[in-house]
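> sharing a model prediction with you, sequence too.
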2 protein chains.
Amino acid sequence: MVSDHALDDLFHALADPTRRRILERLREGERTVGELAEPFPMSRPAISKHLSVLARADLVEREARGRETVVRLRAEPLRRARDWAERYERFWTGRLDSLAEYLEEGG
Amino acid sequence: MVSDHALDDLFHALADPTRRRILERLREGERTVGELAEPFPMSRPAISKHLSVLARADLVEREARGRETVVRLRAEPLRRARDWAERYERFWTGRLDSLAEYLEEGG
DNA sequence: CATATTCGTAACCATATGGTTTCCGATCAC
DNA sequence: GTGATCGGAAACCATATGGTTACGAATATG
């Protein structure tokens, strides 16, 4: 574990609504940068930066195609996020754990 | 969906190794702020700020107990993170989807 | 060839983040 | 009551973040 820079990048990438919306749209299929930028009330370079953040987290890949750039979803890293969160599952699945801890701690 | 500030706070809280380590330690049981701060090479106020970030995401709750403050894990919000990520599961579980999209797009 | 389009980079700016040190209120111990 | 300890708040600082506009390289168009 130590510091796990990949998880830092991953969660940071997900902590922005614009970036999450981009991922949502990419579920429907690959899109050019221009198509991705169109619905957002911000400039193309701003979207380009968001895509760089997503690419650093390995959540998208960009491929030059002619003068356009096609962006594709790479969802695999999200599995790591899910797995990480799942390790806490027993903690939210009921208060049995609280009782167990209470007993363990000599209560 | 719109903007979902709760997910912003949640993923932001998780995007820091110190905060994730704090959550890890809290899985073993509640801890005082001092106990939580002890292993980290940073000041108590720094940890206090990290705890505020975690509290804003509803991942911990703090309770004054005498002059100490006890911190408890509240893992429920992590379920939302897991559920969010899981919506992408079919995207990482095989390339069948790619074929489907290829066909849908008239390839 | 000339021009328009796509998209990334550079430079810049305002604000947020993450750390520090200092201080203060509350509580416990004596 | 005096003094030590716990922990949050305030003030401060350096850097990161998230946006902008301007520009330039590469590609398509006519």
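Noted; the coordinates are in hand.

> now the residue most central in space within chain A: how far from DNA strand C?
The centroid of chain A falls nearest to A:L14 when counting by Cα atoms, centre = their mean (3.9 Å). Distance of A:L14 to DNA strand C, computed by Cβ to the nearest atom of the strand, to the nearest Å: 14 Å. C-betas here are computed from N, CA, C, even on glycine.

> the bottom helix or strand of chain A by mean pLDDT?
Taking mean pLDDT, DSSP states H and E as the measure, chain A has helix A:96-104 as its least confident helix or strand, at a mean of 54.

> state the helix or strand in which A:L10 lies.
Following DSSP states H and E, one finds A:L10 within helix A:5-14.

> hmm, the following helix or strand past that helix in reach of chain B?
Following helix A:5-14 in sequence order, the next helix or strand is helix A:17-27 (DSSP H and E). Yes. Using Cβ under 8 Å from any Cβ of the partner chain, helix A:17-27 reaches chain B at A:P17, A:R20, A:R21, A:L23, A:E24, A:R27.

> next one: the helix holding A:L10, is it in contact with DNA strand D?
Yes. Applying Cβ under 7 Å from any atom of the strand, one finds helix A:5-14 touching DNA strand D at A:H12.

> buried ones in that helix?
When neighbours are counted by 16 or more other Cβ atoms under 10 Å in any protein chain shown, the buried residues of helix A:5-14 are found to be A:L7, A:D8, A:D9, A:L10, A:F11, A:H12, A:A13, A:L14.

> contacting residues around the longest helix seen in chain A?
In chain A, with assignment by DSSP state H, the single longest helix is helix A:44-56. For helix A:44-56, contacts defined as Cβ atoms under 8 Å, 6 or more residues apart in numbering or on different chains pick out A:9, A:12-13, A:16, A:18-19, A:22-23, A:33-34, A:36-37, A:40, A:60-62, A:71.
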